[in-house]
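Q: model this:
(chains A and B)
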Number of protein chains: 2
Amino acid sequence: MADTITYLTTTRFGSGAVELLPQELAELGIRKPLLVTDPGLAALPLFGRVRGLLPAEHAVFAETPANPTEAAVDQAFDAYRHAVCDGLVALGGGSAMDLAKAVALRATHAGVLAEYALIEGGAGRIGPVSPLIAVPTTSGTGSEVGRGALITLRDGRKLALISQHLIPARAVCDPELTLGLPPLLTAATGMDALTHCIETFLSPRYNPPADAIALDGAARVMRFLPRAVAEGGDREARSEMMMAALQGGLTFQKGLGAVHGLSHALGAIKDPVLHHGTLNAVILPAVLRFNAPSVGDKYARLAAAMGLADGADLAAAIEALNLRLGLPDSLRAMGVTEAHRERAVAGALADHSTASNARPVGRAEYEALFDAALGL
Amino acid sequence: MADTITYLTTTRFGSGAVELLPQELAELGIRKPLLVTDPGLAALPLFGRVRGLLPAEHAVFAETPANPTEAAVDQAFDAYRHAVCDGLVALGGGSAMDLAKAVALRATHAGVLAEYALIEGGAGRIGPVSPLIAVPTTSGTGSEVGRGALITLRDGRKLALISQHLIPARAVCDPELTLGLPPLLTAATGMDALTHCIETFLSPRYNPPADAIALDGAARVMRFLPRAVAEGGDREARSEMMMAALQGGLTFQKGLGAVHGLSHALGAIKDPVLHHGTLNAVILPAVLRFNAPSVGDKYARLAAAMGLADGADLAAAIEALNLRLGLPDSLRAMGVTEAHRERAVAGALADHSTASNARPVGRAEYEALFDAALGL
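A: Numbers count the residues shown, from 1 in each chain, chains lettered A, B, ... in the order given. Just a heads-up that it's a prediction; the model follows:
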């Protein structure tokens, strides 16, 4: 029913894996979990099914916003504390998982979230947290095996909490849970997985095992994302995309790049609310063109793995894929305007992903990247 | 100086990484380590250099035999206990690392080793053990990131202790330490790494991240092992081979196959003492030919990754590589005779690696494999 894959986390992977929840909870000694999810999922039959797999005494926080905020973390933590929970189950996409990680941190660490942000030097202050089981319902984020949580603070900054202690104690990856995901969300989250594989592969940090996983994940997305978008009930494509997302998450340790620098910054905007995966898909071609002089033979290796023709232009191939998947072709088409420029650039410059971009990137470069992605 | 690579273990990788030992010991809170090594290494300047990096109060066990035995584990544990050590540093190849793992287990668990053997159902009885820093001086075993220790018991069986708790707390991989490794030992240990990558890739268990790492590791061995054997001072080749060995070790979780089933059994023989890597190199072609009907497109994928010509015979390519590297062409050339047949087959049938061979293998199949590898 489920294969066990262990790297830094332990993953149960396969159709029906969600049925393992009672066993996983028991193994981790969780007797009263807080179930963290979002309003959309709470309206689906899956929500009741998962609740039925939890101990009768569990609590629920179903108000995860599209991009998790400090205020929502506080609310969820109140629910956790009030019910005297001893662990968490996150059901959803990256937002629910990241929010649950932040609650696991709050439940075990004094003070406010900002103290633990990577950019504030907080990584070393994060010790063991409450046990968390991540149950992804999209194939993209990789947060189910990642050590990071991105939270928008009250002061408007979108900051990363990053620590090995934030890796979920278990990831339960059941591709059946993604069968009903609408085409556009399938496309956007799938492009998130592809961006993870590409940006980590391009990161100059030395980590051949991560490179091998990233190349394989990128190949998997190219092969199966169009199928998953065209026919949501394609079980093989759904399973392969969940694996590609997992592979992207396993490579985070190499660091991401300028695509994520910008998409984290834009994801902190309240109006319009911008989808992380869609942002990555739209920004990726511009960053690929910018990075080209600094990547050695990596574009050729990516293109070969991704099944592109010899000498194919990688950025153009991503644009063609976005078009085929029905994704927007520019930030402007997503509702972003010149008015967001300064905030996007300032946020990107302060983002932890910037340090591992393939080519050094400063203010002028980020401004040019923003303009290119805006579609001027 | 050293890159940090974290999957289930944390690896410091790079030239000069051994200088990080004081920092790693401090991070793990080890104040009085037992240094485990073998008589050959104890005669080299490296031994004194490593001792100089340890706290003044450390103990030494330098009597690791070529294939670690229960008796040697007991001696080393006596040294550990007598000196009131609180951790271990293993300096050497797979034998020193496996022996140190067994000592870490003995130091924290009651009873005899056999109680904890995988084949005796002992995996679940292994809890946290004493912290171990593995410093490989060969590029092959992968034990520095592996969860297993192979020990020959007093009753003659070579049994595997397998648990996530046996993964060294740190691997310190410094390719400079392998610069002086003689050509034949470089070849034999390098073929061990290649066999790990090939056998885990062929294992039918589902684990795409491990498959990707294994393919990449196999490609690395093909490209750099001949260079490391021909010119021991080739720093790039030495570094790439240390990475290939690490990659092989990261894939152990998929399980090995019939090559290791036989080589574990033959490694338990006292006379002649047979080198594990050489055994794998010599047995691999026969098992590849046997497995061929059960591997789908995997030989083609391996051949492509390894840079072989389209349609090349994988088993023949391994034989050609063995010849080029100066390795024996048969078990007979290593001193094995028909008299060892029954013991080899019985040991292989009882070995934990047998269950994950690509093609089911029973007594008759193992007998035929032994005969083929013997060179009848």
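Q: Give me the pLDDT value at the residue most central in space within chain A.
A: With distances taken as C-alpha atoms, centre = their mean, chain A has A:T141 as the residue nearest its mean C-alpha position (2.4 Å). Reading off the per-residue confidence, A:T141 sits at a pLDDT of 95.
Q: Output the residue of the stretch 51-200 of chain A whose distance to chain B is smallest.
A: Sorted by distance to chain B under C-beta to the nearest C-beta, the residues of the stretch 51-200 of chain A start with A:Q164, at 7.0 Å. Backbone N, C-alpha and C define where each C-beta goes, glycine included.
Q: and A:G52, how many neighbours?
A: As a burial measure, the neighbour count of A:G52 was computed by other C-beta atoms under 10 Å in any protein chain shown and equals 10.
Q: Quickly find the element holding it.
A: Assigned by DSSP states H and E, A:G52 falls within helix A:45-53.
Q: what's that helix packed up against?
A: Contact analysis of helix A:45-53 by 3 or more C-beta pairs under 8 Å, 6 or more residues apart in numbering or on different chains; DSSP states H and E lists helix A:21-28, strand A:87-92 as its packing neighbours.
Q: all strands for chain A, in order.
A: Counting by DSSP state E, chain A has strands at residues A:3-6, A:10-13, A:33-36, A:59-61, A:87-92, A:132-136, A:148-152, A:158-162, A:170-173.
Q: ok, back up a step: of all the helices and strands packed on helix A:45-53, which gets the most neighbours per residue?
A: Mean neighbour count (mean count of other C-beta atoms under 10 Å in any protein chain shown) peaks for strand A:87-92 among these, with a mean of 28.
Q: what residues does it touch?
A: In this structure, residues lying in contact with strand A:87-92 by C-beta atoms under 8 Å, 6 or more residues apart in numbering or on different chains are A:21, A:25, A:28-30, A:32-38, A:41, A:46-47, A:50, A:54, A:58, A:64, A:80, A:96-97, A:99-101, A:103-104, A:130-138, A:168.
Q: relative to strand A:132-136, how tilted is that strand?
A: Strand A:87-92 and strand A:132-136 meet at an angle of 10 degrees, taking axes from the mean of the first three to the mean of the last three C-alpha atoms, to 10 degrees as the criterion.
Q: tell me the average confidence for strand A:87-92?
A: Per-residue pLDDT over strand A:87-92 has a mean of 98.
Q: report the longest helix in chain A, please.
A: Ranked by residue count under DSSP state H, the longest helix found in chain A is helix A:208-230.
Q: That one - contacts with which helices or strands?
A: Secondary-structure packing of helix A:208-230 (3+ C-beta pairs under 8 Å, 6+ apart): helix A:183-202, helix A:235-250, helix A:298-305, helix A:314-325, helix B:208-230, helix B:235-250.
Q: go again using 10 Å as the cut-off
A: Contact partners of helix A:208-230 among helices and strands, from 3 or more C-beta pairs under 10 Å, 6 or more residues apart in numbering or on different chains; DSSP states H and E: helix A:183-202, helix A:235-250, helix A:298-305, helix A:314-325, strand B:3-6, helix B:208-230, helix B:235-250.
Q: Distance from the longest one to the middle of the chain?
A: In terms of C-alpha atoms, centre = their mean, to the nearest Å, the centre of helix B:208-230 is set 15 Å apart from its chain centre.
Q: re the thing from before, how far off centre is the helix holding A:G52?
A: Centre to centre, stretch against its chain (C-alpha atoms, centre = their mean), the figure for helix A:45-53 is 23 Å.
Q: go on, stretch A:62-80?
A: Using C-alpha atoms, centre = their mean, the distance between the centre of stretch A:62-80 and that of its chain works out at 17 Å.
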